[in-house]
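Asks: Below is the structure, and that's it, no one-letter string:
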Ligand SMILES: Nc1ncnc2c1ncn2[C@@H]1O[C@H](COP(=O)(O)OP(=O)(O)OP(=O)(O)O)[C@@H](O)[C@H]1O
């Protein structure tokens with residue numbers, strides 16, 4: 001169990017983590033999600049006692065990390081690539097770690113088996129692929145048989161097989177009753193691995209919810225409607241309790257705009273994004289209003305789009321990639 005209360009970290013004028021309070025429970029996988037620079041690594045470092053909070057506190061199994069007499073039996077972490085002597089074999093590396101911390105030697109064999117490192121355990125770590133290095137990092141984290149695991153971007157750079165392996169291992173460890181807290185910047189990955197998700201942006205918590213609820217909220221449906229009588233249809237939609245917004249995102253065709261436009265030009269052509277009404281209802285409204293329909297398409301926004309929408313104001317460095325910017329600024333233009 002990880003409990004943070006009012007956790008804050010400032011680096012000079014920069015507030016990396018801004019007064020966050022959350023609980024990471026045992027027996028489930030909790031995803032920690034946020035764009036680059038959101039504060040995930042800083043939070044994880046504070047949990048591990050590697051960074052001192054400017055304010056607030058965080059405990060693991062009831063105590064700050066540094067107050068545990070044997071912290072590695074409480075919490076194991078995979079943070080950024082750790083220093084491993086490249087000339088040592090994986091097995092030697094784990095043996096040294098085990099000896100340093102007083103863990104039984106047999107645990108080395110157990111974690112090698114658990115992380116699928118048997119075939120390379122005697123090879124020099126210096127020649128390891130990223131995936132093997134990641135497995136070794138996880139083996140090291142598991143050495144103390146900790147009840148809490150913190151994995152910072154564990155699937156970064158892994159091939160599909162490695163990603164699947166991390167996913168299954170995280171779920172297996174949680175099924176044993178452990179607390180598993182893993183960070184990612186990919187909502188789709190977290191949705192497949194985690195039961196619960198905490199979303200952070202610019203150091204603040206934006207969502208703390210079950211993946212199931214996040215997914216249900218994400219599949220908010222809109223209907224795309226193209227019509228030569230956009231203003232008239234928008235007015236009818238608003239009267240029926242729906243919301244119509246111009247699909248180009250430039251002009252809102254809300255109630256008043258629609259009424260004004262309707263008075264001025266009842267046959268304004270355009271495309272609307274409609275929420276709150278389903279496609280058949282919109283079709284019937286169009287019929288009653290005497291407006292032709294050129295397109296009537298139900299649109300479901302993806303999980304990734306819902307996440308982008310949630311974090312769009314928290315993205316620290318925007319890329320020039322136009323498709324990325326589009327995706328980050330529109331939710332209603334979902335996939336068909
Ligand atoms: N030692 C430091 N000194 C100054 N600023 C820092 C330091 N560490 C982190 N920051 C800043 O704090 C903010 C949060 O950084 P952090 O690394 O925790 O984010 P993150 O969510 O882990 O992002 P990423 O996915 O890019 O690692 C960023 O703006 C970062 O530049």
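Replies: Now that the structure is in, tell me what you want to look at. As the structure is a prediction and not an experimental result, all values here were calculated from the model.
Asks: Spell out which residues of this structure are next to the ligand.
Replies: Proximity of the chain to the ligand, by CB under 6 Å from any ligand atom, involves residues 11, 14, 16, 34, 36-42, 185, 316. Just so you know, the C-beta spots here come from the backbone N, C-alpha and C atoms, and that holds for glycine as well.
Asks: Make sure residue 304 is actually in contact with residue 185.
Replies: No. Under the criterion of CB atoms under 8 Å, residue 304 makes no contact with residue 185, lying 10.9 Å away.
Asks: before we move on, back to that, quick one: the residues of the chain next to the ligand as TSV, columns for pLDDT too.
Replies: Output for these, formatted as TSV (pLDDT from 0 to 100):
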residue	pLDDT
11	95
14	93
16	95
34	91
36	86
37	88
38	91
39	94
40	93
41	92
42	95
185	83
316	59
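Asks: will you turn the residues you listed into a markdown table that also has neighbour count?
Replies: Below are the residues of the chain next to the ligand laid out as a markdown table (neighbours: other CB atoms under 10 Å):
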| residue | neighbour count |
| --- | --- |
| 11 | 11 |
| 14 | 9 |
| 16 | 21 |
| 34 | 27 |
| 36 | 11 |
| 37 | 17 |
| 38 | 26 |
| 39 | 24 |
| 40 | 22 |
| 41 | 21 |
| 42 | 20 |
| 185 | 17 |
| 316 | 10 |
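Asks: closest to residue 97 among those?
Replies: Comparing these against residue 97 with CB to CB places residue 41 closest, at 22.2 Å.
Asks: so what's the closest one up against?
Replies: The neighbours of residue 41, taking CB atoms under 8 Å, 6 or more residues apart in numbering as the test, are 79, 80, 152, 183.
Asks: and these, which are buried?
Replies: 79, 152, 183 (16 or more other CB atoms under 10 Å).
Asks: Buried residues in stretch 142-162, which are they?
Replies: 142-144, 146-156, 158, 162.
Asks: next one: stretch 224-237
Replies: Neighbour-count burial for stretch 224-237 [16+ other CB under 10 Å]: 224-227, 229-237.
Asks: repeat for stretch 125-142
Replies: Using 16+ other CB under 10 Å as the test for burial, stretch 125-142 gives 125, 128, 131-142.
Asks: From these, which land in helices?
Replies: 131, 132, 133, 134, 135, 136, 137, 138, 139, 140, 141, 142 (DSSP state H).
Asks: Could you measure from the fourth one over to residue 31?
Replies: If I follow you right, that is residue 134. Counting by CB to CB, to the nearest Å, the gap from residue 134 to residue 31 is 17 Å.
Asks: Among the buried residues of stretch 142-162, which one lies nearest to residue 274?
Replies: Residue 274 has its nearest neighbour among the buried residues of stretch 142-162 in residue 155, at 37.4 Å by CB to CB.
Asks: can you pull the contacts of the closest residue to residue 84 other than its chain neighbours?
Replies: Ranked by CB to CB, 6 or more residues apart in numbering and with sequence neighbours excluded, the top spatial neighbour of residue 84 is residue 125, at 5.0 Å. Residues in contact with residue 125, defined by CB under 8 Å, 6+ apart, are 84, 85, 86, 87, 88, 89, 90, 93, 133, 136.
Asks: try 10 Å this time
Replies: Contacts here follow CB atoms under 10 Å, 6 or more residues apart in numbering; on that basis residue 125 touches 84-93, 132-133, 136.
Asks: Okay, helices next: where are they in the chain?
Replies: According to DSSP H, the helices that the chain contains are 40-47, 71-74, 90-101, 106-114, 130-142, 160-175, 187-193, 211-218, 230-239, 255-264, 279-289, 303-311, 322-329.
Asks: which other helices and strands contact the second one?
Replies: In this case it means helix 71-74. Where contact means 3 or more CB pairs under 10 Å, 6 or more residues apart in numbering; DSSP states H and E, helix 71-74 is packed against helix 90-101, helix 130-142.
Asks: Show me how far it is from its chain's centre.
Replies: Remark: helix 71-74 is offset 26 Å from the chain centroid, using CA atoms, centre = their mean, to the nearest Å.
Asks: Not counting its own residues, what contacts it?
Replies: Applying CB under 10 Å, 6+ apart, the contact partners of helix 71-74 are 48-49, 60-65, 67-68, 77, 97-98, 100-103, 140-148, 179.
Asks: try 7 Å this time
Replies: 60, 61, 65, 68, 101, 143, 144, 145, 146, 147, 148 (CB atoms under 7 Å, 6 or more residues apart in numbering).
Asks: Ok, the fifth one next?
Replies: Helix 130-142 is touched from outside by 76-78, 81-82, 84, 90, 93-94, 97, 111-112, 114-117, 120, 125, 128, 149, 154, 157-159, 162, 169, with contacts defined as CB under 7 Å, 6+ apart.
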